[in-house]
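Participant: Whatever this is, show me its structure:
(one chain, ligands or ions: 1)
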Amino acid sequence: MRVRDDQTRDSIALPAAARIAAFGLTAIRLVAVLVALLGLWGAPVLEAGEDRAYDLDHVVQETGTRLQWDPYREIGTLWNGRTSVSFRPGSSVVLEDYRTEHRIAGIERHNGSLRFSAEAVESFKSIFAMPERSEDGPTVGAIFVDPGHGGKDPGTIGRHEIDGELFEIHEKDIVLDIAHQLVGLLKQRYGDREIVMSRGDDTYLTLEERTEAANSVPIRDGEVILFVSVHANASLNSRASGFEVWYLSPEVPRDGLVTQASAGVNDPQLLSLLNTIRDEELTIESILLAQSVLEGLDSRVGAFTGNRGIKKESWYVVREAKMPSILVEVGFVTNKEEALLLADGEYLNKLAHGIYNGVNNFIEDFERRE
Ligand SMILES: [Zn+2]
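Facilitator: Residues are numbered from 1 along each chain as shown. All right, here's what the predicted structure looks like:
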């Protein structure tokens, strides 16, 4: 059960148009929003009395890249192999690999299309022509595993009558068991990295305490933390069943990802752009992590229960986490059959392995290990 649980339960699975391949890597499928792209392609490029300008199609061809356009943030990202360049029409600041700042003038929105100056096209080409700095690629420095609820907060409760006896199951216990097993697997595989739990026993923690703990895990430059929250679901419909994975909705921006101090800039507009682009990166990584964990679960428990897909929502615990973040709902305690599965240690072991495999595959793709 999530914190804000009043939203519709309908699947918000990503539309087909939102799935595009990117990175130029078969191992990684970038799920992104491409819908608004329709309005950006194929624009007329020359106007009398103006400097030569090019449309997006031309830029993509010239640079040999793929484009991902986020209509919510108005951020475009061009990808070629491991290199990305993010831009926003109207701004001359572009970011290579979400971090390295370049100045490229002449990226504008014009009559609903994107328009690029000749200089802008050349600048893009020169960035993509630079040798890849593969040794500088980001790595996962830490994994934060957050079993939901705990202590005085039992989470959602399933009550069923089985053979005339009352059978009761609490979300906080299930998710703690899974989290312990998940952490054990992660420590075995990633002994050199920080594997941290929000709670290791039946302790009550506020949401703020969880995110603060996650945000304060020490990592080095160029490292990221993964945030994996584990929950169990409830529904008024006692037949609802299955697992699902949530990631942060892109309509809700995270603030403070890039600060005046960390970026060394004073210009509030620039800071806001840097924040938006960093937020874009986190969202893409969160979607990829969610997808990977969903697949991991599907291969372990797909034969026992339904795959409800990837969903997006802004819920507090993840909104404030400044890292790729997902929330896994392992199943419904309000469904009698599933409650019995969730009371079975072997089934919890399968769930832990499923999540672990998903996290592991994400990390291998993320760090591009061959
Ligand atoms: Zn919950």
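
Participant: what does the stretch 151-300 of the chain put close to the ion?
Facilitator: 155, 231 (C-beta under 5 Å from the ion). For the C-beta atoms, the positions are set from N, CA and C on the backbone; glycine is no exception.

Participant: Listing request: residues of the stretch 151-300 of the chain with sub-threshold pLDDT.
Facilitator: 249-255 (pLDDT under 70).

Participant: And the helices in it?
Facilitator: Listed from the start of the chain, the stretch 151-300 of the chain has helices (DSSP state H, counting those that start in this stretch) covering 171-189, 207-215, 260-263, 268-301.

Participant: Same list (the ones you listed) but as CSV, adding mean neighbour count.
Facilitator: As requested, the helices of the stretch 151-300 of the chain are arranged in CSV below (neighbours: other C-beta atoms under 10 Å):
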stretch, mean neighbour count
helix 171-189, 21
helix 207-215, 18
helix 260-263, 12
helix 268-301, 22
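
Participant: possible to save those helices as a markdown table with distance to residue 310?
Facilitator: Supplementary listing: these in a markdown table, determined by distance: least, C-beta to C-beta, whole Å:
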| stretch | distance to residue 310 |
| --- | --- |
| helix 171-189 | 19 |
| helix 207-215 | 21 |
| helix 260-263 | 30 |
| helix 268-301 | 5 |
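
Participant: Looking at the ones you listed, which is nearest to residue 63?
Facilitator: Each of the helices of the stretch 151-300 of the chain was checked against residue 63 via C-beta to C-beta, and the shortest separation belongs to helix 268-301, namely 18.1 Å.

Participant: Run the angle between the helix or strand just after the closest one and helix 268-301 for me.
Facilitator: Past helix 268-301, further along toward the C-terminus, the next helix or strand under DSSP states H and E is strand 307-313. In this structure, strand 307-313 runs at an angle of 160 degrees to helix 268-301, with axes from the mean of the first three to the mean of the last three C-alpha atoms, to 10 degrees as the basis.

Participant: List the neighbouring strands of strand 307-313 plus their orientation.
Facilitator: Strands adjacent to strand 307-313 in the sheet, as given by DSSP bridges, are strand 243-248 (parallel).

Participant: mind saving the C-alpha coords of the strand it pairs with as CSV?
Facilitator: Presented in CSV, the C-alpha positions along strand 243-248 are these (Å, rounded to 0.1, in the frame of the first residue of the first chain):
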residue,chain,number,x,y,z
PHE,A,243,2.4,-7.5,-8.7
GLU,A,244,3.2,-4.1,-10.1
VAL,A,245,6.1,-1.6,-10.0
TRP,A,246,5.8,2.2,-9.6
TYR,A,247,8.1,4.9,-10.6
LEU,A,248,7.9,8.7,-10.2
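
Participant: list the contacts for the residue in the stretch 101-250 of the chain that the ion sits nearest to?
Facilitator: Nearest residue of the stretch 101-250 of the chain to the ion (C-beta to the ion) works out as residue 231 at 3.4 Å. For residue 231, the contacting residues are 1, 2, 148, 149, 155, 171, 175, 327, 328, 329, 330, by C-beta atoms under 8 Å, 6 or more residues apart in numbering.

Participant: Let me know whether residue 156 touches residue 331 as I believe.
Facilitator: No: because the distance of 10.9 Å does not satisfy C-beta atoms under 8 Å, residue 156 is recorded as not touching residue 331.

Participant: Could you tell me which residues touch both of those two?
Facilitator: Common neighbours of residue 156 and residue 331, using C-beta under 8 Å, 6+ apart, are 232, 233.

Participant: Mark out where each domain of this protein begins and ends.
Facilitator: Annotated domains of the chain cover 32-135, 138-366 [automatic domain parsing].

Participant: tell me the least confident of the contacts of residue 231?
Facilitator: The lowest pLDDT within the contacts of residue 231 belongs to residue 2, which sits at 68.

Participant: Compute the first-to-last residue distance for stretch 190-200.
Facilitator: Across stretch 190-200, the terminal residues are separated by 19 Å (C-alpha to C-alpha, to the nearest Å).
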